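*Asks:* Quick one: sequence and predicted model below, then my questions.
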Amino acid sequence: QSNITVYGIADVVGTSFNTNNAVAGNLKNQRGFDDGAVGSRIGFKGLEDLGGGLKAEFNYELGIAPTNNINQVGTTAAAGATLNNLSTRTAWVGLTSNDFGQISMGRFHALGWVFQAGSRPWGGIDPIRTMTNVQGISSNTSDRISNAIQYVSPTYAGFKVTGQYTADARANTSEQNTNDQTYVNGTAVGRQQIYLLGANYDQGPISAMAMYRHVAVPADLAGAAPTAAQRAKQEYGLRGAYDFGVAKVGAVYQRQQLKDAITINGGDYKTGYMYGGFVTVPFGAKFLATLEAAKSNGDRTQGGYGYMVNGQYLFSKRTSVYAQAGYMKMNQENASVTNLGSYGSTGIEAGKRMTGVMAGILHTF
Amino acid sequence: QSNITVYGIADVVGTSFNTNNAVAGNLKNQRGFDDGAVGSRIGFKGLEDLGGGLKAEFNYELGIAPTNNINQVGTTAAAGATLNNLSTRTAWVGLTSNDFGQISMGRFHALGWVFQAGSRPWGGIDPIRTMTNVQGISSNTSDRISNAIQYVSPTYAGFKVTGQYTADARANTSEQNTNDQTYVNGTAVGRQQIYLLGANYDQGPISAMAMYRHVAVPADLAGAAPTAAQRAKQEYGLRGAYDFGVAKVGAVYQRQQLKDAITINGGDYKTGYMYGGFVTVPFGAKFLATLEAAKSNGDRTQGGYGYMVNGQYLFSKRTSVYAQAGYMKMNQENASVTNLGSYGSTGIEAGKRMTGVMAGILHTF
Amino acid sequence: QSNITVYGIADVVGTSFNTNNAVAGNLKNQRGFDDGAVGSRIGFKGLEDLGGGLKAEFNYELGIAPTNNINQVGTTAAAGATLNNLSTRTAWVGLTSNDFGQISMGRFHALGWVFQAGSRPWGGIDPIRTMTNVQGISSNTSDRISNAIQYVSPTYAGFKVTGQYTADARANTSEQNTNDQTYVNGTAVGRQQIYLLGANYDQGPISAMAMYRHVAVPADLAGAAPTAAQRAKQEYGLRGAYDFGVAKVGAVYQRQQLKDAITINGGDYKTGYMYGGFVTVPFGAKFLATLEAAKSNGDRTQGGYGYMVNGQYLFSKRTSVYAQAGYMKMNQENASVTNLGSYGSTGIEAGKRMTGVMAGILHTF
């Protein structure tokens, strides 16, 4: 009667980060144990064959914070704050037709994330993701899209198309929403409409994807004046990878264009871009070495650059140990401290550099 | 060794609601995606045969908020606020004897909920539940009872009796409690005692239930003076349904009686009632149409009325799609904005109406 | 593909506690239903054989609050406050070698907890745990250690050694941490380093363990001046049990030594100790009676004493019912109200006593 698959990842690392930050109160060094480079999770999924080429599918996946039991990270337990542990990664239900594709509703990996997942084989000290963050290309760094509907086409000759739409994605909250698209007396209250489009090609040694994201301005809906961070913007990216056998090589380019300029460092910021790449080299059947590099740039000298090298030893298809070392440096006029994502609160100041190492165990179940 | 069954429901809808509310700040229209009419959930349950007609059983069921990752809905993360995601629906452990019935402790579906579940085949835009809300008949709208003990008799000729008791149900918090029945220096601190009784008859085409609820006054326990919402009250209901084959027809009546009057619209409110009904008509093996209607009334003209029609197409026993349309109107002197339950914060003002539509996917696993 | 084991415990009790507390606002009596003496939980675990005597293992175990749906217990939803329901008990991933033992990272049962688990066969009204609390021997009452690494040796002739280390355990928060060991401009910000060592001997009728805990002073790391509760301390314990067949008898001794004295009752407190014991007597195959007693003492007459008797009837290996009665009395000069752990907020004042009874159902799945 019950046909659920329980699955997940257990991934924990020991980390050490160092910066040459100068501002008092900004982090200089940080050591400890943390959720790993790939990210611990537990999920439940199922599939029912409805006959006639039709299937019902669901997925419910939760993040695990394996090194603590803390509900909130931050200084105050603000309303609507997200859980650190058992946060919902994805939650959706859909119908899949062999001929017409899949339609589903709920919370999804945003296409920006799916795009980046192919651009960077490793997380952790991740230059591609970090340099996108510096540019504020949020479609690619927001892992999930809530309150959404998604269409995935069937795959023809390695090619498929995906579309996502949400009527209610609040700015600066990782597109995690409380309620529905809300109008008060006909006035939209500061929510965004987001359209995401992706085209994938995966055939033989080739893996490629194009991605486009459009964020509509709430003011277009006759609502409250949008803040700078809420202004309309367009983002797009192109990535490709080729597996030569002796090595797999990949490259990625992403660009963001704001409709209206915002002020950074006393001047207009409208455009930013990031480019990066990776190479993965197998040494025998058990060891993989990966090098990743990225550089970002934009108006008002936003951006920086970084390198990362990762070595992975595979005990089996499901279990490995890995070690990473990385270096990142921000542009001299880069406006603000750049966060490194999930690894604590280590940020890098303008013109400063960060070095980091981590080593961990990665187990898929 | 492990004999757990993992089960659940994945249920997501697209919704659109409209009101003719007049007060600035009250909602006029709302669109988006939301948890479905039935409600997404995941559960774990088990049963051990102890021999001699005795069994041990447990159940742990959690609600899923499939369209967001938000911990709190509301303006402040108040102490004791409930989770929107992974909230506990039920959690209990019990012993069941074939001869003497089941005794269990924990958190349960309140008998008021069990009563209503047979009165209204669909949730979502649900007149029976909404009209009960207008009357404040909380035994039927509070889904769960915490900190409780429950007895369920064996079933004889389709007939069984259920009793529930909690020593600690705080008013206006869906009977979800933090701690135990608490006395400070012998003084009860505003907690309630709730007694629930239910009698079910299910045989052949007939399904019927009677339900009684008594809420004791904390002041009876020599405690602090109760607020209006905490005053002693009695509630009861009667429902029945008959399956004619070409259609299943059901009706429900519920009534609430306060011990002491509270003031609404400048006068005494002590009594309110709700009546409603539904008819479900199968068209072939795959399609079900359901009509539900309800009307409520009470002192100070509390109440209103509503209709809902639902069409469901069944791909299988486990998977269907459905669409609903509904209309509700409040009485002219109805005191306050009436909430529609889980669908956002759309409330209806006194004398105003709401129309809504929704369409979704419902998958049981 | 998926090889997860889902397991857990469902354990609920009805309780009644009474004190002769005198201070207004302190609890006199408390009744209700609560999480049981052993503690409800659900867990997920897995093991992969990597060949060559090597295994990968993971464990993710969550606490269940079976009688409520409340996120927070307390007066304000403070930042970093822990969940009452679905709190993480353990979360780790590790590699185990038959020859060299297991190394793992994440969140663990602290060795102090493992130590006490063999000292007291029952929880609930638990004198050994309560008397340790009076002394503030936190290594033994803090159930888990976060942000940690653990080594467990192989077992030779019933003997094994375990070590745990965390670089970041905040005082007074049950060693539950938000982030990594954090330095601001090279200055540690009030985090502790904790070292735990345990040696176990389990062979035939004998079960014994020695445990040592060292908490480093943050000031040693050139950080902010530690508060009294954060000062360096050492704690150690010794326990043993022997199963005579007609009865199993056990004894435990624990001691805490602060590096710098703190002030209690107007004088220096540096040293405290607790000793206790239990006897478990089987009556036939189905019934077990257990008596537990403990006494604690220390500088400034910290401490008290208590007794508990528990009767357990086993329906099967997995399911039983049990009843407990207990008595505890604090020393006359004991400084503060002593909490009873998880059973509500009943605390005992200096010189006062508590009596309690509970009865529950315990089901393992």
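*Replies:* Thanks, I have the structure now. Residues are numbered from 1 along each chain as shown, chains lettered A, B, ... in the order given.
*Asks:* only C-alpha atoms for contact and neighbour calcs from this point on.
*Replies:* Noted.
*Asks:* List every C-alpha atom in stretch A:350-357, with coordinates, as CSV.
*Replies:* Only the C-alpha atoms of stretch A:350-357 are listed here, as CSV (Å, rounded to 0.1, in the frame of the first residue of the first chain):
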residue,chain,number,x,y,z
ALA,A,350,36.5,44.8,-0.5
GLY,A,351,40.0,44.2,-1.7
LYS,A,352,40.6,41.4,0.8
ARG,A,353,41.2,37.7,0.4
MET,A,354,40.1,34.4,2.0
THR,A,355,41.8,31.0,2.2
GLY,A,356,40.0,28.0,3.3
VAL,A,357,40.3,24.2,3.7
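*Asks:* Residue A:203 is in contact with residue A:158, isn't it?
*Replies:* Yes. Assessed by CA atoms under 8 Å, residue A:203 is found in contact with residue A:158 at 5.1 Å.
*Asks:* Quick check: beta-bridge partners of residue A:17?
*Replies:* Beta-bridge partners for residue A:17, by DSSP bridges, are residue A:30, residue A:356.
*Asks:* burial measure for it, as a count.
*Replies:* Residue A:17 has 22 neighbours, counted by other CA atoms under 10 Å in any protein chain shown.
*Asks:* Report the contact partners of it.
*Replies:* A:29, A:30, A:31, A:346, A:354, A:355, A:356, A:357 (CA atoms under 8 Å, 6 or more residues apart in numbering or on different chains).
*Asks:* what about burial for those, which qualify?
*Replies:* Neighbour counting with 16 or more other CA atoms under 10 Å in any protein chain shown marks A:29, A:30, A:31, A:346, A:354, A:355, A:356, A:357 as buried within the contacts of residue A:17.
*Asks:* Out of the residues you listed, the closest to residue B:270 would be?
*Replies:* The shortest approach to residue B:270 among these belongs to residue A:346, at 60.6 Å (CA to CA).
*Asks:* Can you tell me the strand partners of the helix or strand where residue A:261 lies and which way each runs?
*Replies:* Taking DSSP states H and E as the definition, residue A:261 sits inside strand A:248-264. If you go by DSSP bridges, strand A:248-264 pairs up with strand A:233-243 (antiparallel), strand A:267-283 (antiparallel).
*Asks:* For residue B:146, find the nearest of those.
*Replies:* Among those, the nearest to residue B:146 by CA to CA is strand A:233-243 (48.0 Å).
*Asks:* May I have the closest one exported as CSV, CA atoms only?
*Replies:* What follows is strand A:233-243 as a C-alpha-only set of coordinates in CSV (Å, rounded to 0.1, in the frame of the first residue of the first chain):
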residue,chain,number,x,y,z
LYS,A,233,15.7,42.6,-13.6
GLN,A,234,16.6,40.0,-16.2
GLU,A,235,19.2,37.3,-15.8
TYR,A,236,20.5,34.7,-18.2
GLY,A,237,23.2,32.1,-18.4
LEU,A,238,24.8,29.6,-20.6
ARG,A,239,26.9,26.6,-19.6
GLY,A,240,28.4,23.5,-21.2
ALA,A,241,30.5,20.6,-20.3
TYR,A,242,32.3,17.9,-22.4
ASP,A,243,33.6,14.6,-21.0
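*Asks:* same question for it, mean pLDDT?
*Replies:* The average pLDDT within strand A:233-243 is 93.
*Asks:* With stretch A:201-219 instead?
*Replies:* For stretch A:201-219, mean pLDDT rounds to 87.
*Asks:* need the contact list for the residue nearest to residue A:238 when sequence neighbours are not counted.
*Replies:* In space, and not counting its chain neighbours, residue A:238 is closest to residue A:210: 4.6 Å by CA to CA, 6 or more residues apart in numbering or on different chains. Listed by CA under 8 Å, 6+ apart, the contact set of residue A:210 reads A:115, A:198, A:199, A:200, A:236, A:237, A:238, A:239.
*Asks:* Switch the strands paired with strand A:248-264 over to CSV; also include mean neighbour count.
*Replies:* Listed next are these as CSV, based on neighbours: other CA atoms under 10 Å in any protein chain shown:
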stretch, mean neighbour count
strand A:233-243, 20
strand A:267-283, 20
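*Asks:* Out of those, which is closest to residue B:23?
*Replies:* Counting by CA to CA, residue B:23 lies closest to strand A:233-243 out of the strands paired with strand A:248-264; the figure is 34.3 Å.
*Asks:* In the stretch 101-250 of chain A, what residue spans correspond to helices?
*Replies:* Along the stretch 101-250 of chain A, counting by DSSP state H, counting those that start in this stretch, helices occupy A:111-117, A:127-135, A:138-141.
*Asks:* For the second one, which helices and strands make contact with it?
*Replies:* In this case it means helix A:127-135. Where contact means 3 or more CA pairs under 8 Å, 6 or more residues apart in numbering or on different chains; DSSP states H and E, helix A:127-135 is packed against helix A:138-141, strand A:267-283, strand A:287-298, strand A:303-314, strand A:338-339.
*Asks:* Using a markdown table, please lay out those together with mean pLDDT.
*Replies:* Shown next, in a markdown table, are the helices and strands packed on helix A:127-135 (pLDDT from 0 to 100):
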| stretch | mean pLDDT |
| --- | --- |
| helix A:138-141 | 59 |
| strand A:267-283 | 93 |
| strand A:287-298 | 96 |
| strand A:303-314 | 96 |
| strand A:338-339 | 68 |
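*Asks:* and the strand holding residue A:261, what's its mean pLDDT?
*Replies:* Here strand A:248-264 scores 89 as its mean pLDDT.
*Asks:* thinking again about what came up before, of the helices of the stretch 101-250 of chain A, which shows the lowest average pLDDT?
*Replies:* Mean pLDDT is lowest for helix A:138-141 out of the helices of the stretch 101-250 of chain A, coming in at a mean of 59.
*Asks:* I'd assumed residue A:164 was in contact with residue A:195.
*Replies:* Yes. With contact defined as CA under 8 Å, residue A:195 reaches residue A:164; the gap is 5.9 Å.
*Asks:* partners of the residue nearest to residue A:238 in the sheet?
*Replies:* Beta-bridge partners of residue A:210, as defined by DSSP bridges: residue A:199, residue A:238.
*Asks:* Distance check, it against residue A:237.
*Replies:* As judged by CA to CA, to the nearest Å, residue A:210 and residue A:237 stand 6 Å apart.
*Asks:* what residues are shared contacts of these two?
*Replies:* Counting by CA under 8 Å, 6+ apart, the shared contacts of residue A:210 and residue A:237 are residue A:115.
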